[in-house]
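K.L.:
just the structure for this:
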Amino acid sequence: LAAGIAMSVFGMLLTRIGVGVAAWASAFFAFSGQGFNYAVSAKYIDRFVPREHNLAAYSFWMFAGGAGAIAGSTMVDVLRGWICHGQSYPHLCMAGHHR
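P.N.:
As a prediction, the model looks like this:
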């Protein structure tokens, strides 16, 4: 679980540098970390939740993940301001990379 969280945080921090080429690596780390966390959680549910409650546990976990995705999507403007330092460029956030 810690590895998945670390990958997700690293992906977010890689996005923070605001360079387009790093976006590929950023997406890879962020999504791989998220997938890893879902896999670890599924293994935990299979191991420790009684079989008759597995469906409810999976459903609740997917609901929580979906709520997190909705919360994250509403923060796009906040994150854009954080990454671009309040500047607005058509393609890049870094001031030194625009014409």
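K.L.:
ok now the biggest helix by length in the chain, how far from the chain's centre?
P.N.:
For the chain, the longest helix by residue count, based on DSSP state H, is helix 22-48. Mean C-alpha position of helix 22-48 versus that of the full chain (CA atoms, centre = their mean, to the nearest Å) differs by 9 Å.
K.L.:
output the contacting helices and strands for the next helix-or-strand element following it.
P.N.:
Downstream of helix 22-48, the first helix or strand assigned by DSSP states H and E is helix 54-73. On a contact count with 3 or more CB pairs under 8 Å, 6 or more residues apart in numbering; DSSP states H and E, helix 54-73 meets helix 22-48. For glycine as for every other residue, the C-beta is placed from the backbone atoms N, C-alpha and C.
K.L.:
report the rounded mean pLDDT for the helix it packs on.
P.N.:
Taken as a whole, helix 22-48 has a mean pLDDT of 90.
K.L.:
buried residues in it, which are they?
P.N.:
Neighbour-count burial for helix 22-48 flags Ser26, Phe29, Ala30, Ser32, Gly33, Gln34, Phe36, Asn37, Ser41, Ile45 (criterion: 16 or more other CB atoms under 10 Å).
K.L.:
all good on my end, thank you.
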